[in-house]
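> Here is my input, please return the structure:
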Amino acid sequence: MALKLGKLNRGPHLPALVASSISREIAQGRLKPGDQLPTEQILATTFGVSRNVVREAIAKLRSEGRVWSKQGRGAFVTENTDLLVLTIDRDTLRESGAFVGLFELRKILEVEAAALAALRRSQDDLAKMRSAVKRMPAGPYGSVQWLKADLEFHLAITKATGNHYMTQFLTFVSERVRESILAAGGGSQGSDEMAKATLAEHKSILAAIEVGDVTAAHDAMRLHLDNASQRLGPPINGREKSTKTSLPRKQLEETPALPGVER
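A predicted model of the protein is given here:
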């Protein structure tokens, strides 16, 4: 199978870009376990970079467990892919289905995280969640400010679970989602209706966690992620952005105001 590699645009972090391109070939099966990578010289010519850049990229892939090297023989794709360090390539998330798949992963973890947070949250955890929700509409929907507050809200929930592994994993996944949204232009073209729906969903999650309602927290987070994947998925994979929400307008308007959170 022919590799899909080509010259890179000049810019910072060239070793990371080279490593990302090779990782994509591995992920998509054009480079299989046990395959030998092209030589440094061939890769340097193909990407239009120096051999030093290629060496740094190979070193990065080796540290991630994606390749192994033998002096005098070159670099090879690792045989045991189960040992690979988890990576989520931002460029890969632009491909059809990848962004949806990432939201499915988020749903598996974050729905349960919300339920655990309802059981284990402290007053400090709640204060951080309220602060994030309050700051979310300070910037336009989908802006850097909005996404920063959104991410902080979700991370405050995962930290409230008291599960270090869940927090570590969801922090990684959520950062990749945020990077991909920003790289695709964010949600700056989102409507006021979308902003209102998103804020209402966050308030519903917070309200359930605040009163310790495990079932409501579970259901509110599931609804939010279902809706978010529809609102944010299309800009990544090229389809038209959805403005629909599963929350009826009446429910949006009647979402109760939370302590310390303005409408």
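> Below-threshold pLDDT in this protein: ranges please.
Along the chain, the model assigns pLDDT under 70 to residues 1-2, 4-12, 80-99, 176, 178-190, 232-263.
> do that again at 50, thanks
1, 187-188, 234-263 (pLDDT under 50).
> Got the domain ranges for it?
Domain assignment for the chain, taken from automatic domain parsing, gives 14-83, 93-254.
> and those domains, which is most packed in?
Ranked by average neighbour count under the criterion mean count of other CB atoms under 10 Å, the domains of the chain are headed by domain 93-254 at a mean of 18. Using the backbone N, CA and C atoms, a C-beta is placed for each residue, glycine as well.
> could the domains of the chain go into CSV alongside distance to residue 3?
Below are these laid out as CSV (distance: least, CB to CB, whole Å):
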stretch, distance to residue 3
domain 14-83, 5
domain 93-254, 17
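> which residues in this protein form helices?
Per DSSP state H, the chain carries helices over the ranges 14-27, 40-47, 51-63, 98-120, 123-135, 144-160, 164-183, 192-210, 214-237, 249-254.
> Need the residue closest to the centroid of this structure.
residue 177 (2.3 Å; CA atoms, centre = their mean).
> ok, and the closest non-adjacent residue to that one?
The spatially closest residue to residue 177, leaving aside those adjacent along the chain, is residue 102, at 6.3 Å (CB to CB, 6 or more residues apart in numbering).
> My guess is that neighbour contacts residue 173. True?
Yes - Residue 102 is in contact with residue 173 according to CB atoms under 8 Å; the separation is 6.8 Å.
> Do I have it right that the residue nearest to the centre of the chain meets residue 105?
No - Residue 177 is beyond contact range of residue 105, at 10.0 Å (criterion: CB under 8 Å).
> contacting residues around the nearest residue to residue 109 once chain neighbours are set aside?
Once flanking residues are discounted, residue 109 sits nearest to residue 170: 5.7 Å by CB to CB, 6+ apart. By CB atoms under 8 Å, 6 or more residues apart in numbering, the contact set of residue 170 is 106, 109, 110, 113, 154, 155, 158.
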